[in-house]
Structure formats: structure tokens, C-alpha cells
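Visitor: the sequence and its predicted three-dimensional model are supplied below.
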Amino acid sequence: MAKDTIGMIANILLIIGGLNWGLVAFGYNLVTMIFGFMPILVTIVYVLVALSALYVLYKTYMKK
């Protein structure tokens, strides 16, 4: 895991996103179950997970 704060947050969000996709395979969407009453929050969570993935990809492949 990354030692910087942003990297740690990105890794946590990636784990949450991965676990959610695993649950989706079994018919449960945890993000929608938790934040379904406010669709904008669901969208924000998905955007944050996607940005986290891009950040981790960048940090992984752009190391000096």
C-alpha cells in the first residue's frame, strides 16, 4: 500500500470498489443499499473509486 495519505485513501476506495463488484456478482450492490436514498452520493462514490483506480495506476506505472 502507498505510504502517502492520498495513496492510502485510494487503496481503501479500490478495496471497497472491488468488494462491491464482488457483491454485485451475487445480486447485491452495497453502495446502492447504503446510499440509494441519494443517487448523487452513489455517483460520487463511483467517481471516487474510478479516480482512485487512475491514481493507483499512475503511481504504479510512473514510478521513477
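Guide: Done, it's in.
Visitor: so the residue nearest to the spatial centre of the chain, which of the three states?
Guide: Among the residues of the chain, the one closest to the centroid is Val49, at 2.7 Å (C-alpha atoms, centre = their mean). Look at Val49: counting by DSSP: H, G, I helix; E, B strand; the rest coil, its state is helix.
Visitor: so who does it touch?
Guide: Counting by C-beta atoms under 8 Å, 6 or more residues apart in numbering, Val49 touches 13-14, 16-17. Quick note: C-beta positions are derived from backbone N, CA and C, even for glycine.
Visitor: burial of Asn20, as a residue count?
Guide: With neighbours defined by other C-beta atoms under 10 Å, the count for Asn20 comes to 19.
Visitor: quick revisit: write the PyMOL selection for whichever of the contacts of Val49 are buried.
Guide: Only the buried entries of these go into this PyMOL selection, using 16 or more other C-beta atoms under 10 Å:
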select buried, resi 13+14+16+17
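Visitor: looking at the contacts of Val49, which is nearest Tyr61?
Guide: Taking C-beta to C-beta as the measure, Tyr61 lies nearest Leu14 of these, at 15.1 Å.
Visitor: distance check, the nearest residue to Val56 once chain neighbours are set aside against Val24.
Guide: Distance criterion C-beta to C-beta, 6 or more residues apart in numbering; nearest residue to Val56, sequence neighbours excluded, is Ala10 at 5.3 Å. Ala10 sits 21 Å away from Val24, going by C-beta to C-beta, to the nearest Å.
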